[in-house]
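J.: From the sequence below, what's the structure:
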Amino acid sequence: MEAILNGDAVVYTDLLGLTGTIRHTGRYALRWPGWCAFWRPLQRLGFLDDSPRPGLPGGLTSKQFLVGLLGPRLQYQDHEKDLAVMVNLFEGVKNGHRGRLTNRLLIERDLETGLFAMSLGVGYTAARSTGPGFSPRPPTYLTSLSWPSFPLGVYG
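T.: This is a model prediction of the structure:
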């Protein structure tokens, strides 16, 4: 798999009040090998630009053109699944003890409902964080996972 930087991880360390105590943080998306090699030339050629392009009708951007061209050809079939994988690794010192906590999440598309893995993962996570006291039952595809309680204890 290829790991591609995906957003600003410091936003999350700020929210947790940990920024001053962290040496390294990163947020990455995993893609199959070849993903970067495919997209890099398209990016360099301007296909991912968001500004209107001369010669394209109606102020269309290169990115809109590419989405219109590839989008219909890249749709999942009813029998195909996607996969969302998340690994959160926390290492550090708490109360003088070194510790490590690894949280893994693996979700695949639910063919009965048609909901995609990313939609399921984001939707459930958003529902869990809607406010104090709100804790929906996890959907059946998540019931085998153990959710860590916070604040984190020492693991090792």
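J.: Which stretches in this protein count as helices?
T.: 10-15, 35-44, 62-70, 117-128 (DSSP state H).
J.: what's the angle from the third one to helix 35-44?
T.: This means helix 62-70. 130 degrees (axes from the mean of the first three to the mean of the last three Cα atoms, to 10 degrees).
J.: Which of the helices of the chain has the lowest mean pLDDT?
T.: The minimum mean pLDDT among those belongs to helix 117-128 (a mean of 76).
J.: With His79 as the reference, name the closest of the helices of the chain.
T.: With respect to His79, and counting by Cβ to Cβ, the nearest of the helices of the chain is helix 117-128 at 15.0 Å. Placement of C-beta: from N, CA and C, glycine included.
J.: Tell me the spacing between Gly68 and Cys36.
T.: Distance of Gly68 to Cys36, given as Cβ to Cβ, to the nearest Å: 23 Å.
J.: before we move on, what about Ala117?
T.: 21 Å.
J.: who's more crowded, these two?
T.: Ala117 (19 against 12; other Cβ atoms under 10 Å).
J.: what's the closest non-adjacent residue to the more buried one?
T.: Closest residue to Ala117 apart from its sequence neighbours, by Cβ to Cβ, 6 or more residues apart in numbering: Ala84 at 3.7 Å.
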